[in-house]
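Undergrad: Need coordinates for the following:
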Amino acid sequence: LEQAALDAAAQVEGGGAPSATAQRGRRALGAERRLRVLHLFAGPARDDSLAAEFEARGWETVEVDVLQGQDLLRGKYYRTLLQRARDAEFDLVIIGSPCGTYSWARFRDGGTARPLRRRSAGGRVGGLSAKERWALQEADELVERAAKIAEAVATAGGEFVWENPADRGDPALAGLGLYNEPDHFPLWLEPVMVRLQQRFAALQLHFPQCFFGSPFQKWTTLLASPGAAALLAPGLARAVCLHARHEQRARGYDQYGEPNAPRAAAYPPGMHAFLANTLAEGLSARGGGVACAPVAGGVRGGGTVAAA
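TA: The predicted model follows:
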């Protein structure tokens, strides 16, 4: 696991560098400011947030979430944020895009929320209501915009980490107990995500959030650019589920009739601490990213590695 991430980082470092403009901008900014992380879809403000963990380690943070008043679907706001990314203002972007339309739980809730995407249909299904079509369009646009920001950060020499639920329809993940819905269509199969992974030789890292204190098992995948993956891989290699059962389940509803999914979407504090400890300290030690420029031809690299 560690070697795969390190190999990918070395591959990208040797395969290109950020543009001269981006390099000059990063050097100029580096002389004037602390390292800065952008957190897209950060959720509601909270005292034990991921931003708070980064700030405690000396980083500047920018949180973006509609629950905090920042809407990535607003064109002017999005374009401003994208330009900041292109201008090398962010050393790292962490993305946790909404997973509702990609959720495996849609296959498991007895029809209360039917699947909106299927592997067998190339990620789309017919016969959807107007409300369901709108939900898909909104989700697609958010992913597209977030991917452009991740690409801009990486092209300028920064790193990206994108979080979403693991693929439940990939036979390669059967050893982790994840191959239990062959028709599941996860975020990772979207063409825009495949291109992002291939272009920057990013790696998928799989782990259960219960290892970090979540009451839900919640198998999760991080798509990480090579420099970030090299830092995260050693810790995630030890992130295994040792529970006979879990206190709560992400799918379904609680005793009050409220859906479990929104609570499961929040990262546990232990995961915040791990990400901040690993990424903030690792990137600070080397002054930012590892020149995560596009791989020549845009088709080399990428892969998937899992917790042992």
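Undergrad: Helix, strand or coil: sort out Trp162 for me.
TA: Using DSSP: H, G, I helix; E, B strand; the rest coil as the criterion, the local structure at Trp162 reads strand.
Undergrad: what's the helix or strand for Leu205?
TA: Per DSSP states H and E: Leu205 is located in strand 203-208.
Undergrad: who does that strand touch, helix- and strand-wise?
TA: With contacts defined as 3 or more CB pairs under 8 Å, 6 or more residues apart in numbering; DSSP states H and E, the secondary structure elements packing on strand 203-208 are helix 2-15, strand 219-224, helix 226-236, strand 303-306. To be clear about C-beta, it is placed using only N, CA and C from the backbone, and glycine gets the same treatment.
Undergrad: let's see 6 Å
TA: Contact here means 3 or more CB pairs under 6 Å, 6 or more residues apart in numbering; DSSP states H and E; on that basis strand 203-208 packs against strand 219-224, helix 226-236, strand 303-306.
Undergrad: what's the distance between Cys241 and Leu178?
TA: When CB to CB, to the nearest Å is the yardstick, Cys241 and Leu178 sit 11 Å from each other.
Undergrad: quick one: which of these two has more around it?
TA: Neighbours per residue (other CB atoms under 10 Å) separate Cys241 from Leu178, with Leu178 holding more: 23 against 17.
Undergrad: mind listing what's buried in the strand or helix carrying Arg79?
TA: If you go by DSSP H and E, Arg79 is part of helix 75-86. Judged by neighbour count (16 or more other CB atoms under 10 Å), helix 75-86 contains these buried residues: 78, 81-82, 84-86.
Undergrad: swap in stretch 232-239?
TA: Counting neighbours by 16+ other CB under 10 Å, one finds that the buried residues in stretch 232-239 are 232-233, 235-237, 239.
Undergrad: Save those residues as TSV, and put in distance to Glu141 too.
TA: TSV is the format used below for the buried residues of stretch 232-239 (distance: CB to CB, whole Å):
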residue	distance to Glu141
Leu232	28
Ala233	31
Gly235	33
Leu236	30
Ala237	35
Ala239	32
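Undergrad: Reformat those as JSON lines; add pLDDT and distance to Gly123.
TA: Conversion of the buried residues of stretch 232-239 to JSON lines gives the following (pLDDT from 0 to 100; distance: CB to CB, whole Å):
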{"residue": "Leu232", "pLDDT": "97", "distance to Gly123": "27"}
{"residue": "Ala233", "pLDDT": "96", "distance to Gly123": "28"}
{"residue": "Gly235", "pLDDT": "95", "distance to Gly123": "32"}
{"residue": "Leu236", "pLDDT": "95", "distance to Gly123": "27"}
{"residue": "Ala237", "pLDDT": "92", "distance to Gly123": "31"}
{"residue": "Ala239", "pLDDT": "88", "distance to Gly123": "29"}
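Undergrad: where along the stretch 151-300 of the chain do the helices fall?
TA: 191-199, 226-236, 261-265, 269-275, 281-285 (DSSP state H, counting those that start in this stretch).
Undergrad: got the angle between the longest one and strand 219-224?
TA: Between helix 226-236 and strand 219-224, the angle comes out at 150 degrees (axes from the mean of the first three to the mean of the last three CA atoms, to 10 degrees).
Undergrad: helices or strands next to helix 226-236 in the packing?
TA: Judged by 3+ CB pairs under 6 Å, 6+ apart, the packing partners of helix 226-236 are helix 2-15, strand 159-165, strand 203-208.
Undergrad: Only the C-alpha atoms, please, for the strand holding Leu205, written as PDB.
TA: What follows is the C-alpha trace of strand 203-208 in PDB, where atoms were taken according to Å, rounded to 0.1, in the frame of the first residue of the first chain:
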ATOM      1  CA  LEU A 203      -4.900   6.500  -6.000                       C
ATOM      2  CA  GLN A 204      -8.000   5.100  -4.300                       C
ATOM      3  CA  LEU A 205      -7.600   4.300  -0.600                       C
ATOM      4  CA  HIS A 206     -10.300   2.300   1.100                       C
ATOM      5  CA  PHE A 207     -11.100   2.100   4.800                       C
ATOM      6  CA  PRO A 208     -13.900   1.800   7.300                       C
END
